[in-house]
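Undergrad: What follows is a predicted structure for the sequence shown.
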Amino acid sequence: MSASPLIQGYEVVIGFETHAQLSTRSKIFSRAATAFGAEPNTQACAVDLALPGTLPVMNKGAVERAIQFGLAIGAHVAPRSIFARKNYFYPDLPKGYQISQFEIPVVQGGAVEFWLGDEKKTVRLVRAHLEEDAGKSLHDDFIGQSGIDLNRAGTPLLEIVTEPDMRSSAEAVAYAKELHKIVTWIGICDGNMQEGSFRCDANVSVRKPGQPLGIRREIKNLNSFKFMQQAIDYEIRWQIEQIEDGHAIQQATVLFNPDTGETRAMRTKEDAADYRYFPDPDLPPLLIPSEWVDRVKAQMPELPRAMAARFVADYGLPEYDATTLTQSRAMGAYFEAAARASGQAKLVSNWVMGELSRRLNVSETRIDASPVSAAQLAQLVARIADGTVSNNAAKQVFDALWTGDGNEVDAVIEAKGLKQISDTGELERLIDEVLANNADNVAQYKAGKEKAFNALVGQAMKATKGKGNPAQVNALLKQKLG
């Protein structure tokens, strides 16, 4: 493992706490819906409002999703875990406490592995525990007062906590992207950062190499990977400047302002003791028998690392391609469908990572909604492989498929006259004409000037109106020039 990078002589230490909203239709302790975007307070029932006499009931689907996550990261799924009350007062928390897990979480340990450039990184996880979300305070919708929307109150969350293993903002973002991929891949979270389904808090501190861990400041609710890197980089610079100016860092919770690119302190950071955790008397221990874990394991999808390894083994792809193609289950499935149908895995990989990804990014389209299907790409790649079309002509075919100006590869090739001339007799006739009309270039080539050959290739391709098979044109020219 390489040494940690230093910034102005300081080592950066970063840990993450991520709240992944679980993809259940109802809340963690009530039957209220979890759908996003409903009118305020229309998805909050008596349990969410903490009305007297109501009792929480555990959502089995939330537990099952926690088990899935534990299996995906190689963690220990606790056969017995308990819920606690995390006490604090805030207007959007009707009970005055949040139901969470403290002493015995449901998922313990595990790790997330990812690549940063050409270096493999591992971030160890401390735990992942189940808890309920709070409501939301609305400060901008009313003049001189605030509103409370309790639709989110009771929404099931899995809080995923890492060890302080990251040493740069780039590493932190790479970890967050890999975690995002895992939870969306196994389907336990939709990963929508704009809607708050995947919220990251970064604990950042700096220290001189060899010294104890520094005082950390927690950057809350980072809802985009771009802002995540900007916020962490700013916080690192700010902390180093403070220390260099002789000031002590105070533990605090801070927010990032994307308009100014700065973090600002929101409140003094609380410790566990401030929350006065104690076991929730309304919820019995959560018991997860091994048979339940085994059933979930049997239903788990192939995980990204396993799929990438299989792509290398079965299709002979480079590891870079395999890793890129497993950024999502949809991309992996798309590639595999096209590779199987065409028998040209590397060509398909090049197109998926190249032209297809470029078009999808520009149009902000998901690959499972691509206008060019895997079957169509397979047909196109097959026509490149068998010499029917050149790469340049293939891009014209792809464009027609993308814009809906045709939906069958061979028909588009025929309609646009893009078929390569691969007939040896026809190519020889055209090349003979080119050689007869370009005696000077022929003489220069025979005198040892290689550039003259390129000029002859250009003339030959012009004579074929760009439809000549380039490899055949080159071979025939060399053959005739001796």
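TA: Noted; the coordinates are in hand.
Undergrad: quick one: E11 from R167, how far?
TA: According to C-beta to C-beta, to the nearest Å, E11 stands 7 Å off from R167. Yep, even glycine has a C-beta here, placed from its N, CA and C like the rest.
Undergrad: any shared contact partners between these two?
TA: Counting by C-beta atoms under 8 Å, 6 or more residues apart in numbering, the contacts common to E11 and R167 are S4.
Undergrad: Assumed L213 was part of a strand.
TA: No. Counting by DSSP: H, G, I helix; E, B strand; the rest coil, L213 is not found in a strand; it is coil.
Undergrad: Would you state the strands of the stretch 151-300 of the chain in chain order?
TA: 156-162, 198-207, 217-222, 252-257, 262-268, 278-279, 286-287 (DSSP state E, counting those that start in this stretch).
Undergrad: mean pLDDT for the ones you listed: which is lowest?
TA: With a mean of 85, strand 262-268 has the lowest mean pLDDT of those.
Undergrad: I'd like to check the angle between that strand and strand 217-222, please.
TA: 110 degrees (axes from the mean of the first three to the mean of the last three C-alpha atoms, to 10 degrees).
Undergrad: buried ones in strand 262-268?
TA: Judged by neighbour count using 16 or more other C-beta atoms under 10 Å, the buried positions of strand 262-268 are T263.
Undergrad: partners of that strand in the sheet?
TA: Sheet pairing of strand 262-268 (DSSP bridges) gives strand 252-257 (antiparallel).
Undergrad: Strand 198-207 and the strand it pairs with, what's the angle between them?
TA: Relative orientation of strand 252-257 versus strand 198-207 (the same axes, to 10 degrees): 120 degrees.
Undergrad: Kindly export the helix or strand D432 falls within (C-alpha atoms) in CSV.
TA: Taking DSSP states H and E as the criterion, D432 maps to helix 424-437. Once non-C-alpha atoms are left out, helix 424-437 reads as follows in CSV (Å, rounded to 0.1, in the frame of the first residue of the first chain):
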residue,chain,number,x,y,z
THR,A,424,-11.5,-7.9,-54.4
GLY,A,425,-12.2,-7.6,-58.1
GLU,A,426,-13.9,-4.3,-57.8
LEU,A,427,-11.2,-2.9,-55.4
GLU,A,428,-8.5,-4.1,-57.8
ARG,A,429,-10.1,-2.3,-60.7
LEU,A,430,-10.3,1.0,-58.8
ILE,A,431,-6.8,0.7,-57.3
ASP,A,432,-5.4,0.1,-60.8
GLU,A,433,-7.0,3.4,-61.9
VAL,A,434,-5.6,5.2,-58.9
LEU,A,435,-2.0,3.9,-59.6
ALA,A,436,-2.3,4.9,-63.3
ASN,A,437,-3.5,8.4,-62.4
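Undergrad: Can you name the element that comes right after that helix?
TA: Later in the chain than helix 424-437, the nearest helix or strand by DSSP H and E is helix 439-446.
Undergrad: Check the offset of that next one from the chain's centre.
TA: Centroid separation for helix 439-446 versus its chain: 55 Å, with C-alpha atoms, centre = their mean, to the nearest Å.
Undergrad: Columns distance to V296 on top of the strands of the stretch 151-300 of the chain, output as CSV?
TA: CSV is the format used below for the strands of the stretch 151-300 of the chain (distance: least, C-beta to C-beta, whole Å):
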stretch, distance to V296
strand 156-162, 14
strand 198-207, 22
strand 217-222, 30
strand 252-257, 35
strand 262-268, 38
strand 278-279, 26
strand 286-287, 15
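Undergrad: Looking at these, which is nearest to Q376?
TA: strand 198-207 (32.3 Å; C-beta to C-beta).
Undergrad: Packing partners of that closest one?
TA: strand 10-21, helix 169-185, strand 217-222, helix 225-244 (3 or more C-beta pairs under 8 Å, 6 or more residues apart in numbering; DSSP states H and E).
Undergrad: pLDDT averaged over the helix or strand just after the first one, what's the number?
TA: This means strand 10-21. Once the chain leaves strand 10-21, the next helix or strand it forms, by DSSP H and E, is helix 60-72. Confidence over helix 60-72 (mean pLDDT, whole number) is 98.
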